[in-house]
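Asker: pasting the sequence and the predicted coordinates here, then a few questions.
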Amino acid sequence: MKLSFTTIVTTLFIVLANTAYADAASDTIALVKNAKADCMQCHQIDKKIVGPSWKEVAAKYKGDATAQEVLVAKVIKGGNGHWNDQTGGLPMTPHPVKPPKEDIEKIIASLLQL
Ligand code: HEC
């Protein structure tokens, strides 16, 4: 079989794009584990469980410069109303002390790269 240059470039691109996504996903999960945070009880990277999938969260806030700050505050205070179509109105529990704010900041920054 003779592979065209375009096929090779396209294949490489797909492989690299998937690797980048897998890295962002595993980085985010590692941060949650290191922080011993409860996030994954209600969230998954690419599937809704109790809360929205984090990939959808990243897509929703893409290009929103305030997202980092707003979402960190939301995880600390808890809240509802932004994803009712998916959650049926279930709230996110507040995280006032655990995990510490620095960990939440890292998790949100990583999640927004998904
Ligand atoms: C008890 C279940 C639960 C836990 C634990 C939980 N979440 Fe959530 N999360 C939710 C629900 C439900 C929503 C949707 C809230 C809404 O409709 O505004 C949500 C929404 C979010 C959003 C989007 C907020 C928005 O306004 O768009 C982010 C970001 C998020 N969670 C991150 C986290 C992180 C980080 C953790 C761990 C520190 C965490 N969640 C732990 C249930 C949970």
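Answerer: On my side now, so go ahead. Numbers count the residues shown, from 1 in each chain.

Asker: can we go C-alpha only for contacts and neighbour counts from here?
Answerer: OK.

Asker: so where's the longest helix in the protein?
Answerer: Taking DSSP state H as the criterion, the chain has its longest helix at helix 5-34.

Asker: packing partners for that one?
Answerer: helix 101-111 (3 or more Cα pairs under 8 Å, 6 or more residues apart in numbering; DSSP states H and E).

Asker: send me the helix it packs on as CSV with only the CA atoms.
Answerer: Output in CSV follows, covering the C-alpha atoms of helix 101-111 (Å, rounded to 0.1, in the frame of the first residue of the first chain):
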residue,chain,number,x,y,z
LYS,A,101,-8.4,26.6,47.4
GLU,A,102,-4.9,26.1,45.7
ASP,A,103,-5.9,22.6,44.7
ILE,A,104,-9.3,23.7,43.4
GLU,A,105,-7.5,26.4,41.3
LYS,A,106,-5.2,23.7,39.8
ILE,A,107,-8.1,21.4,39.1
ILE,A,108,-10.2,24.1,37.4
ALA,A,109,-7.2,25.3,35.3
SER,A,110,-6.6,21.8,34.1
LEU,A,111,-10.3,21.1,33.5
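
Asker: average pLDDT across the longest helix of the chain?
Answerer: Averaging pLDDT along helix 5-34 gives 83.

Asker: please see if it touches the ligand.
Answerer: No - judged by Cα under 6 Å from any ligand atom, helix 5-34 stays clear of the ligand, getting no closer than 7.2 Å.

Asker: and that helix, what's buried?
Answerer: 24, 25, 27, 28, 29, 31, 32 (16 or more other Cα atoms under 10 Å).
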